[in-house]
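J.: Need a 3D model of the sequence below.
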Amino acid sequence: VQLVESGGGLVQPGGSLRLSCVASGFTFSRYAMSWYRQAPGKERESVANISSVIGSTNYAASVKGRFTISRDNAKNTVYLQMNSLKPEDTAVYYCNSPHAVRLGVIPQGYWGQGTQVTVSS
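T.: Next up, the predicted model:
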């Protein structure tokens with residue numbers, strides 16, 4: 001199993017970024033996927049999730065209306081489009097599938113390397 005996040009960077013407040021997470025080693029299309037973030041000194045938090053088939057989505061209140069999660073099952077990739085970025089969005093962003101973890105498909109405690117997002121002027 002491997003989850004590889006990319007697309008982070010330094011952006012000014014109000015800017016946009018698109019994160020990608022490429023999954024391998026499991027049947028991506030079968031599992032709901034989530035984006036998480038962890039800011040310095042804070043616990044990791046869930047930001048958005050998307051179901052496996054229908055593609056229904058849910059968002060944390062702090063990002064609703066600004067972030068959009070999507071997936072391309074043909075490419076084994078989940079995306080996070082982030083608009084109207086704020087300094088408080090600064091964090092390392094990770095993808096994972098709690099669905100797959102519960103079923104033992106992804107090892108408990110496994111995380112990719114994440115991608116750093118820094119929002120600053």
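J.: need the contact list for the closest residue to residue 87 other than its chain neighbours.
T.: The spatially closest residue to residue 87, leaving aside those adjacent along the chain, is residue 119, at 5.0 Å (Cβ to Cβ, 6 or more residues apart in numbering). C-betas here are computed from N, CA, C, even on glycine. Contacts for residue 119 were tallied using Cβ atoms under 8 Å, 6 or more residues apart in numbering; they are 11-13, 15, 85-90.
J.: PyMOL command to pick out the buried ones of those residues?
T.: For the buried members of the contacts of residue 119, the matching PyMOL selection, counting by 16 or more other Cβ atoms under 10 Å, is:
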select buried, resi 11+85+89+90
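J.: how near is the residue nearest to residue 87 to residue 111?
T.: 22 Å (Cβ to Cβ, to the nearest Å).
J.: thinking again about what came up before, give the bridge partners for the residue nearest to residue 87, please.
T.: Beta-bridge pairing of residue 119 under DSSP bridges involves residue 11.
J.: So which residues of the protein form helices?
T.: 98-102 (DSSP state H).
J.: how much distance is there from the top strand by length along it to the middle of the chain?
T.: The residue-count maximum for a strand in the chain (DSSP state E) belongs to strand 17-24. Distance of strand 17-24 from the chain centroid (Cα atoms, centre = their mean, to the nearest Å) equals 7 Å.
J.: quick check: mean pLDDT across it?
T.: For strand 17-24, the mean per-residue pLDDT is 98.
J.: Pull out the buried residues from that strand.
T.: 17, 19-23.
J.: now stretch 84-103
T.: Buried-residue list, stretch 84-103, by 16+ other Cβ under 10 Å: 85, 89-97, 99-100.
J.: Could you check how far it is from the centre of its chain?
T.: 4 Å.
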